[in-house]
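>>> fold the following, please.
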Amino acid sequence: RATGSEAAAEKLMHELEGTTPEQVKEQEEGTAELARTLEQRVQEQQRVCGGLKEQLSRMESEKAGSDLRLRLSVWRQQLEVASTEWCVLAIARRFIQETRERYEKERQPAVVQEAQTFFQRITAGRYTRVLAPLGEERLEVEDARAARKDLAKLSRGTAEQLYLALRFGFIREFGRRSVPLPVLLDDILVNFDPPRATAACQALIEVSQSHQVILFTCHPTTVDLLRKHAQNCQVLQLGEST
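Numbering: from 1, shown residues only. Modelled structure (predicted):
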């Protein structure tokens with residue numbers, strides 16, 4: 001059964017009949033020696049394989065390092081180019097900014113320049129400039145510390161004072177180019193504190209030197225203020241029904 005066939009069994013029996021125990025032991029020892037020799041060869045081949053793997057890994061590492069050095073060199077060149085470009089753009093930006101600041105300080109529209117004078121007077125010097133930024137459809141104001149503010153950051157009273165100054169600036173500039181027309185105003189001092197209301201009255205008196213000014217008001221304090229500061233102020237009191 002172990003041999004698998006009758007012919008194989010007969011062959012095995014024949015070999016066993018012609019073999020002594022000493023021969024079997026001798027063959028066993030020879031086979032063990034051959035196994036030890038093969039095991040040594042396997043270990044030696046494993047050491048060789050390990051060395052080859054280490055060499056291959058070192059070669060791959062050197063290649064990776066070479067690639068990294070190449071990439072680093074490329075990045076340094078790109079950084080140098082970008083740095084030069086940044087320097088050029090930074091200098092150009094600074095020149096443009098200085099030119100823009102100079103334009104905004106020296107070449108503002110005439111209406112804005114006139115309004116600036118009135119606004120500075122009405123705010124008692126707290127705000128010194130009215131600026132129309134170049135290329136933008138908005139206004140900014142600059143205080144005595146050269147800090148700029150957008151109109152949205154102004155109080156309601158200060159914003160109304162700025163709008164009044166702009167109206168005065170437009171009136172004065174328009175009067176230079178055309179026949180001076182009467183100026184009609186309606187309670188423009190309602191949201192002004194007393195010092196700025198007084199300053200606004202003085203600005204209004206200055207406008208009245210070149211234009212006829214008609215001011216409507218329902219506040220007696222405004223009438224008293226105008227009477228106090230305007231020499232030729234005429235007050236016409238209308239009835240409630242009128």
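
>>> so for R58, what pLDDT did the model give?
Reported pLDDT at R58 in the predicted model: 76.

>>> tell me, how many residues neighbour it?
10 (other Cβ atoms under 10 Å). C-betas here are computed from N, CA, C, even on glycine.

>>> isn't there a strand covering it?
No - counting by DSSP: H, G, I helix; E, B strand; the rest coil, R58 falls outside a strand, being helix.

>>> distance check, it against L52.
11 Å (Cβ to Cβ, to the nearest Å).

>>> mind listing the strands for this protein?
127-131, 140-143, 148-150, 183-186, 213-216 (DSSP state E).

>>> let me see the mean pLDDT of the fourth one.
Averaging pLDDT along strand 183-186 gives 90.

>>> how about residues contacting that strand?
Contact with strand 183-186 is made by I171, L204, V207, H211, Q212, V213, I214, L215, F216, T217, as judged by Cβ atoms under 8 Å, 6 or more residues apart in numbering.

>>> which one of the residues you listed has the most neighbours?
L204 (24 neighbours).

>>> correct me, but that one touches I214?
No - using Cβ atoms under 8 Å, L204 is not in contact with I214; the gap is 11.0 Å.

>>> would you mind listing where this protein has pLDDT under the threshold?
1, 3, 60-61, 63-65, 100-101, 103-108, 134-135, 232-233, 237-242 (pLDDT under 70).

>>> any idea how far S66 is from L52?
Applying Cβ to Cβ to L52 and S66 gives a distance of 21 Å.

>>> what does A132 give?
Applying Cβ to Cβ to A132 and S66 gives a distance of 60 Å.

>>> what of L236?
97 Å.

>>> now, which of the contacts of strand 183-186 sits nearest L34?
I171 (120.5 Å; Cβ to Cβ).

>>> please enumerate the helices of this structure.
In the chain, the helices defined using DSSP state H lie at 6-17, 21-106, 110-122, 156-177, 194-208, 220-229.

>>> and the contacts of stretch 112-127?
So stretch 112-127 is in contact with 108, 128-132, 139, 141-144, 158, 161-162, 164-166, 168-170, 172-173, 195-196, 199-200, 202-203, going by Cβ under 8 Å, 6+ apart.

>>> what residues sit buried inside stretch 184-195?
I188, L189, F192 (16 or more other Cβ atoms under 10 Å).

>>> for the nearest residue to the second one once chain neighbours are set aside, give me its contacts.
Going back to what we said before, that points to L189. Spatial nearest neighbour of L189, excluding adjacent residues (Cβ to Cβ, 6 or more residues apart in numbering): A197 at 4.6 Å. Contacts were defined as Cβ under 8 Å, 6+ apart; by that measure A197 touches L189, T222, L225.

>>> tell me the one of those residues nearest A8?
L189 (129.7 Å).

>>> next, give phi and psi for the closest one.
In terms of degrees, to the nearest 10, the main-chain angles of L189 are phi -110, psi 10.

>>> which residues touch it?
Contacts of L189 (Cβ under 8 Å, 6+ apart): A197, A200, C201, T217, H219, T222, L225.

>>> now, of the residues you listed, which are buried?
Among the contacts of L189, those classed as buried by 16+ other Cβ under 10 Å are A197, A200, C201, T217, T222, L225.

>>> wait, the last one sits on T198?
In other words, L225. Yes - with contact defined as Cβ under 8 Å, L225 counts as touching T198 (6.6 Å).
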